[in-house]
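**Q** Fold the following, please.
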Amino acid sequence: MRFSSTTLAAGLRGDETVHVTVDPSSIIIPSDLLPSDGRFGCGPSKVRAEQVLALAKANSNLLGTSHRQAPVKHLVGSVREGLHELFGLRKGWEIMLGNGGATTFWDAATFGLVRERSQHYVFGEFSSKFAEAAASAPHIGDPVIVQSDPGTHPAIEAPPADVDLVALTHNETSTGVSMHLRRPEGDALVVVDATSAAGGLPWVPDEVDVYYFSPQKCFAGDGGLWLAACSPAAVERIREIGHGDRWRPASLDLNLALDNSVANQTYNTPALGTLILLDEQIKWMLANGGLDWCIERTRSSASRLYSWAEASSYATPFVADTMQRSSVVGTIDLADTVPAHDVNAALRANRIVDTESYRKLGRNQLRVGMFPAVEPDDIACLTACIDHVVSALAQGPA
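**A** Residues are numbered from 1 along each chain as shown. As a prediction, this is how the structure comes out:
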């Protein structure tokens, strides 16, 4: 049966048909099916109650205080040390941070990481952004673009000889495709956008030089901050370009960002609330077993989502290659007879939110955040709720 929020055909007798209006927001999901928390967004993502409590407690000694003084410097130091431990980084690696989020880091990287030319692996909306920034930068050469269709990622190959930076994306947030990070042949820096991957997917530091991200995904913070784990080779590149004669705005100067980061501060005033949420999440991850525990947790969630979709009569994993399916962002195509808009509206009416697909992808699709803060059992509850909604839409109003 084909149905939508506009009309639903129900055969009465022989050649007679009646059209009835279906309001998805009127569907009530039984309480025993509902997840313990209905937030499944892909960023901003679910924030744990303990993080909010830490934020409230910080009102007496951190919020409203100077980021140049010891209490906030200690907070920044805790974030940097925690990430160093979480990622298992060797001596010589630095955790850098600055204001503006990953979007700002793309611009900063064109000033402070690319010597002459970069190569970009593009397989979705966000992996294209750094490539676009490099293409528009007048002081470096045209980038090399290696591209594949949404739902896949290109194979990593050796770059041309004149490329000094290779840009990868660990997890494409728009499509739910994850990439196994591997250093290509040559001596180009490997710079990885890990915004929706960091803290939820595995990676090997030896294969990477810069692993940058924002904290509003796996780390359950707010946006407006970028962080980057930088290898000794990346630090050397930043210093080399930073001491040259290339002009760059101070707010996009990675050399300045590095100087401030090693002093446990940022060049300009950060949002302390974001740092507090981030620090609390890192401590939670480490206390429970570190990155390995986080990875197992997201894989458990992903197993529940994809197993349900593969067994469903109306849902299918968008990413066909199981080796490329993300365990932090799941994308599920729905049959044409099941409008995702209606499913999302019914879920939202029951306080299950942010399951909409990425807007520019333009598919009849659900997108589900499965970051470490999300309970794997809640993913199973979500799939049961979707089944209930689809069944209710098919039956029409009582």
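
**Q** quick one: contacts of stretch 107-116?
**A** Residues outside stretch 107-116 that contact it (CB atoms under 8 Å, 6 or more residues apart in numbering): 98, 130, 133-134, 137, 139-141, 162, 164-165, 189, 191, 210, 234, 237-238, 241-242, 246, 248-249, 252-255, 257. To be clear about C-beta, it is placed using only N, CA and C from the backbone, and glycine gets the same treatment.

**Q** 7 Å instead, please
**A** The contact list for stretch 107-116 (CB atoms under 7 Å, 6 or more residues apart in numbering) reads 130, 133-134, 137, 140-141, 162, 164-165, 189, 191, 210, 237-238, 241-242, 246, 248, 252-255.

**Q** How is D377 assigned, secondary-structure-wise?
**A** helix (DSSP: H, G, I helix; E, B strand; the rest coil).

**Q** With D333 instead?
**A** strand.

**Q** Got the confidence number for it?
**A** Here the pLDDT value assigned to D333 is 98.

**Q** Would you quantify the distance from it to P317?
**A** Separation of D333 from P317 (CB to CB, to the nearest Å): 8 Å.

**Q** how about the helices in the stretch 251-398 of the chain?
**A** Secondary structure of the stretch 251-398 of the chain (DSSP state H, counting those that start in this stretch): helices at 254-262, 272-287, 290-311, 340-349, 376-395.

**Q** what about the residue positioned nearest the centre of the chain, which SS state?
**A** For the chain, the residue nearest the mean C-alpha position is S196 (1.9 Å; CA atoms, centre = their mean). S196 falls in the coil class when you classify it by three-state DSSP.

**Q** my read: it touches T173, true?
**A** Yes - using CB atoms under 7 Å, S196 makes contact with T173 at a distance of 4.3 Å.

**Q** Now do the shared contacts for these two.
**A** Common neighbours of S196 and T173 (CB under 7 Å, 6+ apart) are C42, G43, V329.

**Q** Could you give the number of residues near L258?
**A** 22 (other CB atoms under 10 Å).

**Q** which ones are touching it?
**A** Here L258 is in contact with E94, M96, V235, I238 (CB under 7 Å, 6+ apart).

**Q** In contact with the third one: list those residues for me.
**A** The contact partners of V235, taken as CB under 7 Å, 6+ apart, are E94, L258.

**Q** on that earlier part again, quick check: the residue nearest to the centre of the chain vs D342, distance?
**A** Applying CB to CB to S196 and D342 gives a distance of 27 Å.

**Q** any idea whether K57 is helix, strand or coil?
**A** Note that with three-state DSSP, the state of K57 is helix.

**Q** now it: how far from E50?
**A** K57 is 10 Å from E50, by CB to CB.

**Q** And H388, by the same measure?
**A** 31 Å.

**Q** Show me which of these two is the more surrounded one.
**A** Using other CB under 10 Å as the criterion, H388 and E50 rank with H388 on top: 19 against 13.

**Q** Most neighbours among the shared contacts of S196 and T173, which one?
**A** That'd be V329 among the shared contacts of S196 and T173, by other CB under 10 Å, with 29 neighbours.

**Q** Spit out the contact partners of that one.
**A** So V329 contacts C42, N171, T173, G176, S196, R367, G369, M370 (CB under 7 Å, 6+ apart).

**Q** what residue ranges in the stretch 1-150 of the chain score low on pLDDT?
**A** Low-confidence segments of the stretch 1-150 of the chain (pLDDT under 70): 1-21.

**Q** in it, which spans are helices?
**A** Going by DSSP H, counting those that start in this stretch, the stretch 1-150 of the chain shows helices at 49-57, 70-86, 101-112, 127-136.

**Q** Nearest to I295, out of those helices?
**A** For those, proximity to I295 was assessed by CB to CB; helix 70-86 is nearest, at 11.2 Å.

**Q** Now do that closest one against helix 290-311, angle only.
**A** 60 degrees (axes from the mean of the first three to the mean of the last three CA atoms, to 10 degrees).

**Q** Report all helices and strands that helix 70-86 contacts.
**A** strand 94-99, helix 272-287 (3 or more CB pairs under 7 Å, 6 or more residues apart in numbering; DSSP states H and E).

**Q** mind listing what V338 touches?
**A** Y314, V390.

**Q** how near is it to G273?
**A** 39 Å.

**Q** try G244
**A** Applying CB to CB to G244 and G273 gives a distance of 36 Å.

**Q** Comparing these two, which shows the higher neighbour count?
**A** Comparing G244 with G273 by other CB under 10 Å, the one with more neighbours is G273, at 18 against 11.

**Q** The closest residue to that one other than its chain neighbours: neighbour count?
**A** Computed as CB to CB, 6 or more residues apart in numbering, the closest residue to G273 that is not its neighbour in sequence is L55, at 5.9 Å. Close neighbours of L55, defined as other CB under 10 Å, add up to 18.

**Q** just the one 4 residues further on next, same as before
**A** One way to gauge burial is a neighbour count; for N59, by other CB under 10 Å, it gives 11.

**Q** Tell me how far it lies from I276.
**A** 10 Å.

**Q** ok, now which ones touch the nearest residue to I238 once chain neighbours are set aside?
**A** Leaving aside its sequence neighbours, I238 sits nearest to L254 (CB to CB, 6+ apart; 4.8 Å). Counting by CB under 7 Å, 6+ apart, L254 makes contact with A108, G112, L113, I238, G242.

**Q** From S136, how far out is L254?
**A** 18 Å.

**Q** repeat for D107
**A** Distance from D107 to S136, by CB to CB: 10 Å.

**Q** quick one: which of these two has more around it?
**A** Higher neighbour count among D107 and S136: D107, with 20 against 10, using other CB under 10 Å.

**Q** Export the contacts of V329 as CSV, with columns for distance to R182.
**A** Converted to CSV, the contacts of V329 look like this (distance: CB to CB, whole Å):
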residue, distance to R182
C42, 25
N171, 15
T173, 21
G176, 20
S196, 19
R367, 26
G369, 26
M370, 24
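
**Q** closest to T355 among those?
**A** R367 (6.6 Å).

**Q** Bridged to the closest one, which residues?
**A** Taking DSSP bridges as the rule, R367 bridges to T331.
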